[in-house]
Every structure is written in C-alpha cells, then in structure tokens.
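**Q** Predicted structure and sequence below. I'll ask about it afterward.
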Amino acid sequence: MGFEYDWIVLIIIGVFAGALNTLAGGGSLITLPFLIFLGLPPSVANGTNRIAILFQTASAVSGFRSKGINTFPFSLYIGASAFVGSIVGTQIAIDIKGDTFNKILSIIMIVVVLLIVFKKKNLDIQNLSERTTGKHLWLSVVAFFFVGIYGGFINAGIGFIMLLVLPMINRLSLVKANATKVTVAFIYTTIAVVLFVLNDKINWKYGLILAIGNSTGAWLASRYTVKKGDGFIRIVLLVVVSAMAVKLWFF
C-alpha cells in the first residue's frame, strides 16, 4: 500500500478509534496492530501510536476543563505515580523483541475485547462520598504506579482498567473518573513519547496523520453519541480485533 493510500486509511482508522475511545474504549486495539500491518516494527508502531494518544488526551482534558469538570489535585498525584511507572513500562516496550510483543499484544487484545463486550454496568455511586484523600489516595498512588507500567508498555485497553480502579477505590462518578482517566493518560503519555523519541521509535508522518483521525473521531463522538450504536460498535470491535489478534499471533 503506497503512502497516498496509507494516509487515507490511517485517518479513517483514527476516526473510528477516536470514536471508540469516547463511546466504549479500546481504540488502540485497532490502531496499534494496524500500524504493524502497515509494515512498522512493533516497537515503532507502539511509539507512533502514542502521538495520537497524546493529542487525543490533550483534547479531552481541555474539553473536560472547559465544562468545569476536573479532579485536581488528586489527578496530579496519581498522574505523577503513573508517570514514574510509565518510564519502566516504556523501556520494556522499547527493549522487547518484535515477535514476543506481537504475541503479548494478541493475547491482550482478546482479553480486553472480551471485557468490553461482556462489561457489566458501573456501580451506582451517586449517593456515596468521594474518597480522594488519606489512605484511599495512597492506595490509588500505588495502584497507578502499576497502571503507568502497563500504559508505558502497551496502553491498549488501559481506560477500562482506570475506570475499574477509580470508582472502586475512590468512588468517583463516571464523569469524574473519565476526566481523571484522560488527565492521567496525558501525563504518563508525555514521558512515554519522550522516551520513544529518544530511541528513534516514532514514525512522525503516520503518527501525526493518525492523530488527526483520532482527534476528529473523539470530537464527533463526544457531540453526537448515540446509545443505540453501542451494541453495534461492540460487535464490530469483537470481530475486527479478534481477526487482528489471530493475524498477529501467526505474523
């Protein structure tokens, strides 16, 4: 596939992934393997995908703040912990062999997509008090160090992990948990991008084009979300990601 076609497909994939991240999550389950299929080495595909994530999370943080929704300074504390963890995870991603990475990714893709498809309704915590100080803050700081390791390593499906941890430990509402999630992701992605850049693991042309698609999809989905489309998206995600996982395993 020549570049004149690559950029069109990348934008389309990016729009779908950006919308998916907004509606359900798991956009990297689409973009990361697709970058590998375009011929990028796994570590370069991983680094390139972070450019789109950085732009997308920056846009999301701005959107939440414009609506007066934030969890500062709590999000900064756990973001700092994830930042440190991301250094460890990113270094693992840079050093790991391509074949091993592909197999790990294929397993993660299947596990995460099953969590997406069979995800239960969120716990109703509207009448419960938030717990963002004291021992619950420290529990989150420790938990998000490991979240940062995973985020730095592969990032795919990490939104679901954060949306499990934040309501469970800190009793944040879904809206505040999402605002916290994108803030933390932006913080740890910054250092991941720096490390990938320093190790020459980013294809800037693909990364910036993908970022345009991701940002566009997220913008559209955030304004024109249709709940009836959620079931369809889950079916498409299951089929597409399963096919990509099988191809990665036998790549």
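**A** Right, received. Where do you want to start?
**Q** Report the contact partners of residue 15.
**A** 213, 214, 216, 217, 220 (CB atoms under 8 Å, 6 or more residues apart in numbering). C-beta here means a position set from N, CA and C on the backbone, and glycine is covered the same way.
**Q** Need the residues you listed in CSV (columns: secondary structure).
**A** Converted to CSV, those look like this (DSSP: H, G, I helix; E, B strand; the rest coil):
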residue, secondary structure
213, helix
214, helix
216, helix
217, helix
220, helix
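**Q** mind showing which ranges of the stretch 101-250 of the chain have poor pLDDT?
**A** 113, 116-128, 221-250 (pLDDT under 70).
**Q** Tell me where the protein has helices.
**A** Ranges of helices in the chain, per DSSP state H, are 3-23, 28-37, 42-66, 74-95, 98-117, 134-153, 158-165, 174-198, 204-223, 230-249.
**Q** chain center to the third one, what's the gap?
**A** Taking CA atoms, centre = their mean, to the nearest Å, the mean C-alpha location of helix 42-66 is offset from the chain mean by 8 Å.
**Q** ok, now the shortest one?
**A** The gap between the average C-alpha position of helix 158-165 and the chain average comes to 10 Å, counting by CA atoms, centre = their mean.
**Q** Next, the buried residues of it.
**A** By 16 or more other CB atoms under 10 Å, the buried positions in helix 158-165 come out as 158, 159, 160, 161, 162, 163, 165.
**Q** and it, what does it pack onto?
**A** Counting contacts by 3 or more CB pairs under 8 Å, 6 or more residues apart in numbering; DSSP states H and E, helix 158-165 is packed against helix 98-117, helix 134-153, helix 174-198.
**Q** who touches that helix?
**A** Contacts of helix 158-165 with the rest of the structure, by CB under 8 Å, 6+ apart, involve 21, 25-26, 112, 115-116, 119, 122, 140, 143-144, 147, 150-151, 174, 177-178, 180-181, 184-185.
**Q** re the thing from before, what's the closest of the helices and strands packed on helix 158-165 to residue 77?
**A** helix 134-153 (6.1 Å; CB to CB).
**Q** quick one: buried residues of that closest one?
**A** For helix 134-153, using 16+ other CB under 10 Å, the buried residues are 137, 139-141, 143-153.
**Q** Can you pick out the most distant pair from those residues?
**A** 137 and 153 (24.8 Å).
**Q** What's the separation between the nearest residue to residue 166 once chain neighbours are set aside and residue 69?
**A** Counting by CB to CB, 6 or more residues apart in numbering, residue 177 is the residue found nearest to residue 166 once chain neighbours are left out, at 4.1 Å. As judged by CB to CB, to the nearest Å, residue 177 and residue 69 stand 11 Å apart.
**Q** Model confidence score at residue 88, please.
**A** What the model reports for residue 88 is a pLDDT of 97.
**Q** could you measure the closest residue in space to it that isn't next to it in sequence against residue 58, distance?
**A** Excluding the flanking residues, the one nearest residue 88 by CB to CB, 6+ apart is residue 149, at 5.1 Å. Remark: distance between residue 149 and residue 58 (CB to CB) = 22 Å.
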